[in-house]
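> here's a sequence, model it:
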Amino acid sequence: MPWGWRLAVALAVALLATPGALALDQGSFTFNGVATLDSGGVVEMTPMGLLADHTEQLTAFQLKAAHAHVFRRDSSCTEISTPVLNYCNAFNAPESSYDLTNLTVTLVAGSVAGQAGLYPTEGSLDLGLEGPATIGAVDNARMGSPIPEDQVNPWTPTYSCCQNGSAIVVNGEGAAEFRGAGAIKLDGPSVTLTALENTTTWNTGRHLSSSAPVRGVRETWLTIVFDAGEMTLKTRGPLEAAGRLARLSWVGGVTLPDASGTLTTGSGTYDAQGTEAYLEGTLSGTLHPQETLQGVASSFDVQGTLAHTNLAPHVQGQSKLLPGSIPSWWLPVSLVTVGLAVGAVVALSRRRHVEADPTLSVEALRQLADFAMESNRPAEALDWIRRARDLAPTSSRLCLDEADCLAAMGEIDAALSCYREASRLSEDGEADLVAATLLASTGAEAARVAEFLGRALSRTPTLAMEVELDDTFDRLRASPPIQRLVRDALRKGAN
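Now for the predicted structure:
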């Protein structure tokens, strides 16, 4: 049975099993202030800025870029701090800057309180928010230092990102993934920079050599500028992002303050007239700033499956079943069926909406594929990636994405064929390393793994460090071909 029909059947069964169950619900609201998510969600946006504060709470950070320019600066001073005097005799050491190739930046132990801030010039950002979070329109969004900066300034330690006009701002904690071009400022994290040229570790941030009132202070920060790269991070501390437009998906509740609008469901219409609106369910929506007489507000188009709301309904010609009229066995059966169908409902809605739009960009199709993979739907992700590849057939990144989808579906031979194609379309060794890792995880013989691993390490010798740290290769480390490949790559990377 085709994929779309399977979803339709699942939805029909769920609706039949649940008296009064709501069909696909849609609505539009305008609200002032920021909305509060009870238990987080997923946000997709074209970012204007991203800031991870309290970097001592970072649990993961990685940046990968084929080419990058690194600025490093150290500042030291003797600080005198008393109730009547606060003085710092600053001494700035000579700054340094250099270019790196095939750069990988990874988090190591030793991070201190500080900031990690992204200045994006182009690209996409996905946020996975955990726990309570807020989202809404803000006029003249500002993140980090209150001192405005019109462009990246590598010679100041603080992150400052100020935007003229209104933006959608997200606050919470969780994970972020950025793909594109820009610059990252690190003042707090301890990181290792691994590149073809060298490997170095920097303990960035503010470090004290003694206790007050007289103490030595040293501060080190890095600014890394890249034309194309991927950055991921995860934090238990504050995470803030801003963009002109945001797409939000969540399961749970959201509170919209001072909201006006209408939500139409299968059982009636729910109105908000300048009141607090609470929506709970499996929902998604698009937010953008909207100018009103009172200032900037958030325009929010929402759809999905509504489970509960505090808004008063106006039933449209349907009788509502009372709780006492529902048989005792119906509730558990309905909960099971609805649980199985909820994901299908949202996916079907999203797919129909997107398939009707022939103007989707490559980046938009990639985001849809990412969403499907995160929801454990690799076959759907494969459809989106193949549509993207029709638009950009020579993209090695998209070819690599297609291989990843096939691998997630268990189509190992087809995945390896795609990894080979991605390798032909690129100059680095990433595709071949992923293929070698896939083969190693399936128990393949060392000779077969070495075919891909040798090509990966000959192109990008610094990948040998990833092989050394990846336990997927543990059973193959004693193999002479694997040992020789890793040893030669480590030597080449050190030269």
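> okay, and residue 371 sits in which element?
According to DSSP states H and E, residue 371 maps onto helix 362-374.
> for that helix, name the packing helices and strands.
For helix 362-374, the packing partners by 3 or more CB pairs under 8 Å, 6 or more residues apart in numbering; DSSP states H and E come out as strand 41-53, strand 115-129, helix 330-355, helix 378-391, helix 396-408. For the C-beta atoms, the positions are set from N, CA and C on the backbone; glycine is no exception.
> where among the ones you listed is average confidence lowest?
Among those, helix 330-355 carries the lowest mean pLDDT, a mean of 42.
> related to what we said a few turns ago, what angle sits between the helix holding residue 371 and strand 115-129?
60 degrees (axes from the mean of the first three to the mean of the last three CA atoms, to 10 degrees).
> give me the contacts around helix 362-374.
Contact with helix 362-374 is made by 42, 44, 124, 126, 179, 249, 347, 350, 354, 360, 378, 380-382, 384-385, 387-388, 391-392, 395, 398, 401, 404-405, 408, as judged by CB atoms under 8 Å, 6 or more residues apart in numbering.
> pull out the buried residues from the residues you listed.
Taking 16 or more other CB atoms under 10 Å as the criterion, what is buried in the contacts of helix 362-374 is 42, 44, 124, 126, 179, 249, 347, 350, 360, 378, 380-382, 384-385, 387-388, 392, 395, 398, 401, 404-405, 408.
> sorry, back to before: show the average pLDDT along the helix holding residue 371.
Averaged over helix 362-374, pLDDT sits at 77.
> mind listing what's buried in it?
If you call a residue buried by 16+ other CB under 10 Å, then helix 362-374 has these buried ones: 362-373.
> torsion angles phi and psi at residue 446?
Main-chain torsions, residue 446, degrees, to the nearest 10: phi -60, psi -40.
> hang on, it packs against residue 483?
No: in this structure residue 446 lies outside contact range of residue 483 using CB atoms under 8 Å: 9.7 Å.
> ok now the strand ranked longest in the chain, how far from the chain's centre?
Criterion DSSP state E: the longest strand present in the chain is strand 214-265. Distance of strand 214-265 from its chain centroid, counting by CA atoms, centre = their mean, to the nearest Å, is 9 Å.
> cool, stretch 268-282 as well?
In terms of CA atoms, centre = their mean, the centre of stretch 268-282 is found 28 Å from the chain centre.
> which parts of that stretch are buried?
Applying a neighbour-count criterion of 16+ other CB under 10 Å, the buried positions in stretch 268-282 are 268, 270, 272, 277-282.
> again with stretch 200-207
For stretch 200-207, burial by neighbour count (16+ other CB under 10 Å) applies to 202-206.
> may I see the buried residues of stretch 428-444?
Buried residues in stretch 428-444, counted by 16+ other CB under 10 Å: 428-440, 444.
> got it, and stretch 283-294?
By neighbour count on 16+ other CB under 10 Å, the buried set for stretch 283-294 is 283-285, 287-289.
> format the residues you listed as JSON lines; extra columns: distance to residue 243 and secondary structure.
Below are these laid out as JSON lines (distance: CB to CB, whole Å; DSSP: H, G, I helix; E, B strand; the rest coil):
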{"residue": "283", "distance to residue 243": "20", "secondary structure": "strand"}
{"residue": "284", "distance to residue 243": "16", "secondary structure": "strand"}
{"residue": "285", "distance to residue 243": "15", "secondary structure": "strand"}
{"residue": "287", "distance to residue 243": "9", "secondary structure": "strand"}
{"residue": "288", "distance to residue 243": "9", "secondary structure": "strand"}
{"residue": "289", "distance to residue 243": "10", "secondary structure": "strand"}
